[in-house]
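[1] got a structure for you, letters missing:
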DNA sequence: CTGAAAGCGCTAACAG
DNA sequence: CTGTTAGCGCTTTCAG
C-alpha cells in the first residue's frame, strides 16, 4: 500500500514519521538512543509502509552479517545433515543464522561455494573436499573451522573423530570374530578422513600379524553406484575376502546391495562392518554393525569453536578429537543369537 | 603481503595499477570496456594484492546477487536433500549459487530463515511448513516458488506431486491384495501434502465401499521417534489394522521399528506401504513397497520456474503437478515369491 | 536524546 | 576506451 512501488527505506519511514533519518535508522536498527515518542512514531510508520530491513546494506555498513556459512560435501549424506543441525543448534543460541552450500565433493565447486559464502558471512565451517587444500581455504580473512577432515599445512580449528582409532575398532571386531581376509571399500583417499581410516585398518592388521593385501582395497569415488561397483569387484573375486570394512555409509549400502545381488549371505558368506551409523541399519537383514560417530556433537563443537573466534578469541588453533564407538549388531557374526 | 592489514578494495588495486578507479572496477567487475593494456595491469595488481570481490557491496550497488535461497523443513530428510540437488543442478547452469536454510518445520524458524535469506538472494524456493502461511511468505517482493506443499490463498508458482492420487495408488495396492483394515501413520495435517495424502486415502477407501475409521489414523509430529510411538499405539491395539500406510519416509521407519519390536512379521501380520522411496528400502527385511516421487525433478522444475521469473517472466502463476509411481517390493505381500 | 554527514565497496550513468 | 561522480540502504561518528 506504500505509495512508491519499491521497498520502503529508512528515509521513507523517517519522512512519514516526521523524524530525522538518523533517528529512524536508530529506532529501526535497534541501536543508539531513541526517545519513546520518536520510537513509537517510527514503528508506526514502519508498519504502515511495510518496512523491512535490508540485510545487504546493513552488512556493508556494519561489516557484520550475524550469519555463518557451512560448506558440506554432499547434502544427501546424513552425516553432513546431522552435523549441520548440531551447528545450527549452537549458533542459534547466539543469534546467528546458518547458511549452507554444497560442494559435491568437488574442489572447484567447493571453491565457488566458499567464495559465494565468504563475503556474506562472518565465519565459515567447512569439510574440505581435498586434503591438499587449494587457495580457497587459505585466504579467507574470516574465522574458519574445518571438520571431519583436515588440510595439510592449514592451521585452523578443527573437529573430528579419531578416524584411525575408530577404524581400528571396526577391524579389531572383525579379527576377534575370526575373520582374517578383510577387504575394504572406501572413498578416495584424497579425503583425509578416508586415508586415516585406511591407516587404522592397516595398523590393526599389522598388529594382528596379518600382511596387508592392497588388492583387497577398493577405492571408489563417492556415490552409492561407485561403491556398489567396487563391492561387486571385490566380492566377485575367486579369492573373495571373508569380511569387508566399508569406510562410509554410502559404501556400506553399496556392499549390502552387491552381496544381495551376488546371493552372498551376511555374515555367513561375508561379514560386514560399516563406518557411520544410520537409522536404517538396525532394520536391514541382517542388522549392520558399524562405527558410530558423535555426529551432532561434531557440529556443536564446530559451532563453539567458531563462536569463540567470532567473539575475538585469538588463541592458537585447537584440534578437537572426539571418540567414536562400535555399535555391534549382526553383520559380523556376533550377537546373531541375540536376534529377536 | 598487502601493506594495509585489511582486504584490498578496488581503489587499492586501481592505485597500484596506475589506472583510474572506474577502469579498475570495470576490469575487476567484468563489465564495460577496458583496454587490453589496462586490463593486464589491473589483473596483475589484483593478483599481487590478493584482491577479492566483495559480494555484499556488489549486491547493494547492483541490486542483484546471482544467488537463490532454498528454505527446507528438515535437512535430514532425504527428500529435501534431493530436491536441493535438483534445484542446484538447474541453477548452476545459469550461474546462480544456491544457499540453504533449515526451518525444522517450525513456523517461527521458517519466518526467520526466509527473512535472513530474502534480502540476500534474488529469488526464493520454499517448502512451507504451514498451509495457512504466515506473513513471511506473503511479503517477499522477490520471486518465490513453493514446492511439495501449498499455502491457502498464496498465488505463486508451485511444484508438487499429485499427493491425493499418489496416496490412492498406495491404498489401492493394499486393497487389491485383500487388506481391508488399513491404518495410517502420518505427519501433522497442517502440512498440505499430508492432508492431501489423507484425502487420497479416504477417497480410495470410499471407492472400495469401506468405511473410514478415523481411530486408525495416527498423526505424529515429524520425527522418527514420534512416528515410532504412533506406530506402537496403532499396532498395539487388540483390533490392530492388517495394513499400514505410512505417509512419509520417517513414518515408514517408525512403523518398521515398531513392528520389529512387537514381533510382528511384515507382511504376514501387518502389511506396509510407504510414501517416499529411500535407498535402504530394498535392503530391509522385507524390502519395502513405497510410492516414489520424482524428487530430483521436483527440484529441477522449481528451478526452471524460478529462473523464468528471474528472467522477468510475468505470466500468471503456474502449478506444476508431477506424477508419482508405486514401487512394488514385498512389504504388502505382493511379489514375495520373486524374492531372490 | 536527535540531527547532519561521512562512508562501507561496488555498479552505473555520464562526460570526455 | 577511460575518468568522474552519484548513489545502493544502512551504520556510525560527531556535534548539538
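    Okay, I see it. If you're wondering where the values come from, they're calculated on a predicted model, not measured in any experiment. Numbers count the residues shown, from 1 in each chain, chains lettered A, B, ... in the order given.

[2] In the stretch 101-250 of chain A, which residue sits nearest DNA strand C?
    Using CB to the nearest atom of the strand, residue A:119 is the residue of the stretch 101-250 of chain A that sits closest to DNA strand C, at 8.7 Å. All C-beta spots, glycine's among them, are computed from the backbone N, C-alpha and C.

[3] Can you tell me how far the nearest residue to that residue once chain neighbours are set aside is from residue A:196?
    Spatial nearest neighbour of residue A:119, chain neighbours left out: residue B:55 (4.2 Å); criterion: CB to CB, 6 or more residues apart in numbering or on different chains. From residue B:55 over to residue A:196 the distance is 35 Å, taken as CB to CB, to the nearest Å.

[4] do the same with residue A:228
    Distance from residue A:228 to residue A:196, by CB to CB: 24 Å.

[5] what do you get for residue A:101?
    For residue A:101, the distance to residue A:196 - CB to CB - is 25 Å.

[6] same thing with residue A:161?
    Taking CB to CB, one finds residue A:161 at 9 Å from residue A:196.

[7] In terms of neighbours, single out the busier of the two.
    Using other CB atoms under 10 Å in any protein chain shown, the more surrounded residue of residue A:161 and residue A:196 is residue A:161, with 27 against 23.

[8] what bridges to the more buried one?
    Counting by DSSP bridges, residue A:161 forms beta bridges with residue A:322.

[9] That one is in contact with residue A:324, isn't it?
    Yes. Residue A:161 lies in contact with residue A:324 (CB atoms under 8 Å); the separation is 4.6 Å.

[10] Give me the common contacts of these two.
    A:293-294 (CB atoms under 8 Å, 6 or more residues apart in numbering or on different chains).

[11] check whether stretch A:111-125 contacts DNA strand D.
    No. Using CB under 7 Å from any atom of the strand, stretch A:111-125 stays clear of DNA strand D, with a minimum separation of 12.6 Å.

[12] how far is that stretch from where the chain is centred?
    With CA atoms, centre = their mean, to the nearest Å as the basis, stretch A:111-125 stands 15 Å off its chain's centre.

[13] Now do it, average pLDDT.
    Stretch A:111-125 carries an average pLDDT of 89.

[14] Kindly report the same for stretch A:291-310.
    97.

[15] re the thing from before, any chance you could read off phi and psi for the residue of the stretch 101-250 of chain A closest to DNA strand C?
    Dihedral pair for residue A:119: phi -90, psi 0, per degrees, to the nearest 10.

[16] doesn't residue B:59 make contact with it?
    No. Shown here, residue A:119 and residue B:59 do not form a contact pair, counting by CB under 8 Å, at 9.2 Å.

[17] Please identify which of those two sits among more neighbours.
    residue B:59 (25 against 20).

[18] got a list of what the more buried one touches?
    Applying CB under 8 Å, 6+ apart to residue B:59 gives the contacts A:56, B:65, B:120.

[19] Quick one: buried ones out of the residues you listed?
    Buried by 16 or more other CB atoms under 10 Å in any protein chain shown: A:56, B:65, B:120, out of those.

[20] Residue A:41: which of those is nearest?
    Proximity of those to residue A:41 (CB to CB) peaks at residue A:56, which lies at 26.4 Å.

[21] got the contact list for that closest one?
    Applying CB under 8 Å, 6+ apart, the residues near residue A:56 are B:56, B:59-60, B:65, B:119-120.
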